[in-house]
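**Q** pasted the sequence and its predicted model underneath.
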Amino acid sequence: MIAHAEVFFYEPWWIQIVKALVIFLVIFLILPILIVYERKLLGRFQARYGPNRVGPFGLLQPLAEIVKFATKEPSRPTTSVGFLYRIAPMISILTAVASLALIPFGDVQHIFGQRVGLYGIDVSVGPLYVFAFGGIAFYGIMLGGWASGSKYAFLGAMRGAAQLISYEVSQGLALVGCVIAAQTLSLTGIVHAQGNIWFFIPQIVGFLIFLVASFAETNRAPFDLLEADSEIIGYFTEYGGTGWVAYEFAEYANMIVVSGIMVTFFFGGWLLPFGIHPPGWVDPIVVLAKIFLFLTFFIWVRATLPRLRYDQLMSFGWKILLPLATLNLLVTAIVVVA
Amino acid sequence: MTYDPGDVVEVVREPPINAAASLYRTFGETLRGLKTTFARIAEGPTTIQYPEEKTPVYPRFRGRHKLHRFEDTGLEKCVGCSLCAAACPADCIRVVAAENTPENRISAGERYAAVYEINLSRCIFCGYCEVACPFDAITMGHDYELSDYTRSDLIFTKEMLLAEPVERTPLRAEGE
């Protein structure tokens, strides 16, 4: 017998398709904005302007870059494995976008006489779904590095996989605290459980662990070893043009996913503090605004902290974050039961 | 004078390893770093948007040469003595002198420079020509935007050197 995950609420099939398209399109359109925002903000952090030449205020910079990358000659090393080399960036994008389906942008609303949940899907295995796709994301990196047929790309992929595995453990354990406190695995359920108090106050340790581990999971500074812009030794060393853009796309989509998960688990999703209850259509805006704050923090940290050494990265993940996450989990469990 | 460390040499050692203290140091320093970078936003960008905004130069900046005229009579100061050409280490100045005549009077002296060319693709902007000139006829200006598409365009003739530059380079204000 196959055990199916329980889906709490679902709409007619055509609404599901429209929802999937809307979520994908919104995120797809946010990505270029995020890229230009990051570069302009990084510039400000470094006392310079950032891109300001292409279009008004440099806002068309990502467009110019997309054109540049798309018109590059596709090439691959003679030692690479063609099929896998092409499919690996797609896996990365797929897993990043698939995780978006879980992030709740609002509660169930009445739109045109239909009841529509403002999220991709609400399943009884919420965080597991996210981490399952996080697990598949390894293949994007491992296959990309291995299929490139280059020693540097291969070493980069190995380091990358080791880093992702190390930090995914603490990330998962940090979320379990919230799940225990909310007594449900459904992400909308977790948001509803934060009606009284957002989980980042009782789960502050879990939040900090998740935050730090998220930097490692999304390959952002100070844990961007597998990218290491200055050394250019990473799993996508041999990728150029559209393949490289695909990995970049996945990285930024992952940033949005991780920010969305932090908002959902620790910052009350679409809820607002001080008992403000806005109409339903405001909910997605609230969630996006909170996500935006986290993205700003990601960029801020990137502008501040230098990259860690590999052994520091590993010992920090296994010797500090993991025991802390386990301790946090134990304490939460004891408090909830007692 | 030799360095005298005195009787007691103070050795600064790293702080003892202590979990709580090192945790505080890690987080404290991280927060301090975040504060430092955030202060840069409040400060605003310090870069100069070059083609629109130019870097102001100091008064003694040595840019493109200028030839001068007397302000009252309008005669050229250069008398074609070729001292600048003799002083030039890069050998980029070419002067051909000619006699002034009563009906065609160009400079204040006996002779004038019929040809005065500076090859700016060779010029090293040392300013020796300015120093050598007995009449202050040639000085170094402030213009530094001298790129061109062909080498021959970089040979500046007397008319070009006498004319005012098309665009003036901003001068640094007092104390800037």
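**A** Looks like it arrived, so ask away.
**Q** switch to C-alpha atoms for all contacts and neighbour counts from now on
**A** Fine.
**Q** any idea which strand is longest in chain B?
**A** strand B:111-119 (DSSP state E).
**Q** show me what that strand pairs with in its sheet, parallel or antiparallel.
**A** In the sheet, strand B:111-119 lines up against strand B:93-99 (antiparallel), strand B:155-156 (antiparallel) (DSSP bridges).
**Q** got the CA coordinates for the longest one in CSV?
**A** Read it as strand B:93-99. What follows is strand B:93-99, C-alpha atoms only, in CSV (Å, rounded to 0.1, in the frame of the first residue of the first chain):
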residue,chain,number,x,y,z
ILE,B,93,57.6,70.0,-29.8
ARG,B,94,58.4,71.4,-33.3
VAL,B,95,58.9,75.1,-33.8
VAL,B,96,59.7,76.9,-37.1
ALA,B,97,60.3,80.6,-36.6
ALA,B,98,59.8,83.4,-39.0
GLU,B,99,60.5,87.1,-39.0
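**Q** what's it in contact with?
**A** In this structure, residues lying in contact with strand B:93-99 by C-alpha atoms under 8 Å, 6 or more residues apart in numbering or on different chains are B:79-82, B:84-85, B:110-119.
**Q** if we use 6 Å, what do you get?
**A** Residues outside strand B:93-99 that contact it (C-alpha atoms under 6 Å, 6 or more residues apart in numbering or on different chains) are B:80, B:82, B:85, B:111-118.
**Q** what about the helices in the chain?
**A** Since you didn't name a chain, this refers to chain A. Remark: helices assigned in chain A by DSSP state H are A:13-45, A:61-70, A:82-100, A:126-147, A:151-182, A:187-192, A:204-217, A:241-266, A:283-304, A:310-315, A:322-337.
**Q** let me rephrase: I mean chain B.
**A** B:19-43, B:83-87, B:128-132, B:158-162.
**Q** indicate the residue of chain B located nearest to chain A.
**A** As assessed by C-alpha to the nearest C-alpha, chain A sits closest to B:P45 within chain B, at 4.1 Å.
**Q** show me the contacts for that residue.
**A** With contact set as C-alpha under 6 Å, 6+ apart, B:P45 has these partners: A:47-49.
**Q** picking up where we left off before, what residues sit buried inside the longest strand of chain B?
**A** B:111-114, B:116-119 (16 or more other C-alpha atoms under 10 Å in any protein chain shown).
**Q** just stretch A:216-226 next, same as before
**A** Those would be A:216-226, for stretch A:216-226 by 16+ other C-alpha under 10 Å.
**Q** before we move on, back to that, adding mean neighbour count and mean pLDDT as columns, could you present the strands paired with strand B:111-119 in JSON lines?
**A** Shown next, in JSON lines, are these (neighbours: other C-alpha atoms under 10 Å in any protein chain shown; pLDDT from 0 to 100):
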{"stretch": "strand B:93-99", "mean neighbour count": "17", "mean pLDDT": "93"}
{"stretch": "strand B:155-156", "mean neighbour count": "18", "mean pLDDT": "92"}
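**Q** so which of those strands is nearest A:I111?
**A** strand B:155-156 (74.8 Å; C-alpha to C-alpha).
**Q** from the chain's centre, how far out does the closest one sit?
**A** Centroid displacement of strand B:155-156 relative to its chain, using C-alpha atoms, centre = their mean, to the nearest Å, is 19 Å.
**Q** if we check chain B, which of the contacts of B:P45 are in contact?
**A** Restricting these to those touching chain B (C-alpha under 6 Å from any C-alpha of the partner chain) yields A:47-49.
**Q** near chain A, which residues of chain B? Just list them.
**A** Proximity of chain B to chain A, by C-alpha under 6 Å from any C-alpha, involves residues B:33-34, B:37, B:40-41, B:44-47.
**Q** now the most centrally placed residue in chain B. Nearest residue, chain neighbours left out?
**A** Nearest to the geometric centre of chain B sits B:F61, at 3.6 Å (C-alpha atoms, centre = their mean). Once flanking residues are discounted, B:F61 sits nearest to B:H142: 6.1 Å by C-alpha to C-alpha, 6 or more residues apart in numbering or on different chains.
**Q** for the one you found, grab the count of nearby residues.
**A** By other C-alpha atoms under 10 Å in any protein chain shown, the residues close to B:H142 number 22.
**Q** go ahead and confirm it touches B:G63.
**A** Yes - B:H142 is within contact range of B:G63, at 4.5 Å (criterion: C-alpha atoms under 6 Å).
**Q** ok and the residue in the stretch 151-300 of chain A nearest chain B?
**A** For the stretch 151-300 of chain A, C-alpha to the nearest C-alpha, closest residue to chain B: A:W300, 7.2 Å.
**Q** gap between that residue and A:A221?
**A** 10 Å (C-alpha to C-alpha, to the nearest Å).
**Q** ok so, going back, looking at the buried residues of strand B:111-119, spot the one nearest A:V335.
**A** Nearest to A:V335 among the buried residues of strand B:111-119, with distances taken as C-alpha to C-alpha, is B:N119, at 84.8 Å.
**Q** near chain B, which residues of chain A?
**A** Neighbours of chain B within chain A, by C-alpha under 6 Å from any C-alpha: A:44-45, A:47-49, A:304.
**Q** from these, which two are the most distant?
**A** Checked with C-alpha to C-alpha, those reach their widest spread between A:Y49 and A:T304, with 16.9 Å between them.
**Q** hang on, the earlier thing: pull out the buried members of the residues of chain B next to chain A.
**A** By 16+ other C-alpha under 10 Å, those give B:33-34, B:37, B:40-41, B:45 as buried.
**Q** isn't A:G106 up against A:I285?
**A** No - A:G106 is beyond contact range of A:I285, at 9.1 Å (criterion: C-alpha under 6 Å).
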